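Asker: Sequence and predicted structure are below.
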Amino acid sequence: MSLVFAGVCSHGPGITGRADMADPDDKATFYAAMDGMREQLEAAKPDAIIVIAAEHFANFFMNNMPAYCMGMGAEYTGPIEDPQWLGIERVTVPGNPDLSRRIIETVMNDVDVAYAEEWKFDHGISVPLNFLTPRYDLDVIPVNINCQGPPLTPLHRAYAFGQALRKACDAVPERIAIVGTGGISHWPATPDSGKINREWDESFLKDWAANDKEALLRFTDEETLRDGGQGGFEIRTFIAISGATEGLKANVDYYRPIPIFAVGCTVGTVDLNQ
Amino acid sequence: MSLYFTQKLLYELNRDPSLQAAFLEDKEAVLSQYQLDDEELEALRKPDIGMLYILGVNGQILMHYAAMCGYAWPEYIQAMRDALEVHGNVRAGIYATTDGKGAI
Ligand SMILES: [Fe+2]
């Protein structure tokens, strides 16, 4: 059946964990945008959701770090964070090993993806799911792109990975939703937490909305670190969504720098019926 | 300098409640499983969150350990700022500040 929904959103732990420290209007408008994303997702009636995340050392470490990994488990647990600290209860989330396996097999024609039958979610997936599937009743296929432990996969490979995922989704009968989640510029978990390069973000989002492949792939990691911080490496997740929706324009439904959430909070969706 | 093992210990602690329990029960027994130098051992024992930041522990690993050690978010940020004042910028990894102080 292929893709029935595609979008991107932020996942900073402060979004839920420090919600009461945020300006009320910042919180209310961003939460409303996430609710709007959920409504669009639900209207698309997906059978499963692929979440392309940038994890933060919940499963993978520098002893064996995959550039790309996909979940093939029957269920997943998370968040690993203290539930009170993150503001999200620890839950078990359903997976779909059969669907995962069929998608992974097709992706492997183009990208040598790793797979994992065990996977613990951290805020990178738990925060988006908290808004998008709050009853945890939709099968999830987690995907990780290493954005934390350099050397990192090049941006053009993240785009190619998205293209491979699209081919794989086209090859299964299920209705698939795909969500990329990452920062744009941010300096999370550092003394610079709360710094956001609005100009850089807006320029990136303009290219993302236009699905301008050449523009999206132009950054070196040195440039990203300088202008977008450590968290900027997570643009790979947005770029993978562009690859999965090649040729299609997208909408930036919400963007606002919210320092206490440590990121320019973003919701974007792709119109798949162009 | 064994930043790799410092981070590995914290990575395993962050994701494994049973190791957390073992660590709270007998810190030394857990620490002895990792190849750590004196500076790292001291920073982990205290805990000196600011020093772990200066040593180059990735913030995505360190913020969990700080929370586990009871640091509220503003205290965690302050511990890193204070350590920058005392020790200068981060020695390794990608989590150094832009200006050696913290921008905000
Ligand atoms: Fe992240």
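Answerer: Yes, it's here. Numbering: from 1, shown residues only, chains lettered A, B, ... in the order given.
Asker: Please state the offset of stretch A:125-140 from the chain centre?
Answerer: A distance of 12 Å separates the centroid of the chain from that of stretch A:125-140, by CA atoms, centre = their mean, to the nearest Å.
Asker: what does the stretch 51-200 of chain A put close to chain B?
Answerer: A:56-59, A:61-63, A:80-82, A:85, A:120, A:148-150, A:187-195 (CB under 8 Å from any CB of the partner chain). C-beta coordinates here come from the backbone N, C-alpha and C atoms, glycine included.
Asker: For those residues, which PyMOL command selects only the ones that are buried?
Answerer: In PyMOL, this line selects whichever of those come out buried by 16 or more other CB atoms under 10 Å in any protein chain shown:
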select buried, chain A and resi 56+57+58+59+61+62+80+81+85+120+148+149+187+188+189+190+191+192+193+194+195
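Asker: Give me the subset of the residues of the stretch 51-200 of chain A next to chain B that lies in strands.
Answerer: Among these, no residue falls in strands (DSSP state E).
Asker: So, low pLDDT: which residues of chain B?
Answerer: For chain B, applying pLDDT under 70 flags the ranges B:1, B:100-104.
Asker: Output the set of residues of it in proximity to chain A.
Answerer: Residues of chain B lying near chain A (CB under 8 Å from any CB): B:4, B:7-8, B:11, B:14-15, B:53, B:58-64, B:67-68, B:73, B:77, B:80-81, B:84, B:94-95, B:97-98, B:101-104.
Asker: From those, list just the buried residues.
Answerer: B:7-8, B:11, B:14-15, B:53, B:58-64, B:67-68, B:73, B:77, B:80-81, B:84, B:94-95, B:97-98, B:102.
Asker: Counting only helices, which of the residues of the stretch 51-200 of chain A next to chain B make the cut?
Answerer: A:Trp85 (DSSP state H).
Asker: and the residue nearest the centre of chain B, what is it in contact with?
Answerer: The centroid of chain B falls nearest to B:Leu52 when counting by CA atoms, centre = their mean (3.6 Å). Contacts for B:Leu52 (CB atoms under 8 Å, 6 or more residues apart in numbering or on different chains) come out as B:Thr6, B:Leu10, B:Ala43, B:Leu44, B:Leu62, B:Tyr65.
Asker: List just the nearest of those to chain A.
Answerer: B:Leu62 (6.6 Å; CB to the nearest CB).
Asker: pretty sure that closest one contacts A:Thr190?
Answerer: No. Using CB atoms under 8 Å, B:Leu62 is not in contact with A:Thr190, being 9.3 Å away.
Asker: intersection of neighbour lists for these two?
Answerer: The contact lists of B:Leu62 and A:Thr190 share B:Tyr53, B:Tyr95, where a contact means CB under 8 Å, 6+ apart.
Asker: What ranges does the stretch 1-150 of chain A have for its helices?
Answerer: A:14-17, A:24-43, A:83-86, A:97-107, A:123-132 (DSSP state H, counting those that start in this stretch).
Asker: should've said the stretch 151-274 of chain A
Answerer: Remark: helices assigned in the stretch 151-274 of chain A by DSSP H, counting those that start in this stretch are A:155-170, A:198-210, A:213-216, A:221-228, A:235-244.
Asker: and the third one, what's its mean pLDDT?
Answerer: In other words, helix A:213-216. The average pLDDT for helix A:213-216 rounds to 98.
Asker: contact partners of that helix?
Answerer: Here helix A:213-216 makes contact (CB under 8 Å, 6+ apart) with A:Leu155, A:Tyr159, A:Phe204, A:Asp207, A:Trp208, A:Ile235, A:Phe238, A:Ile239, A:Ser242, A:Glu246.
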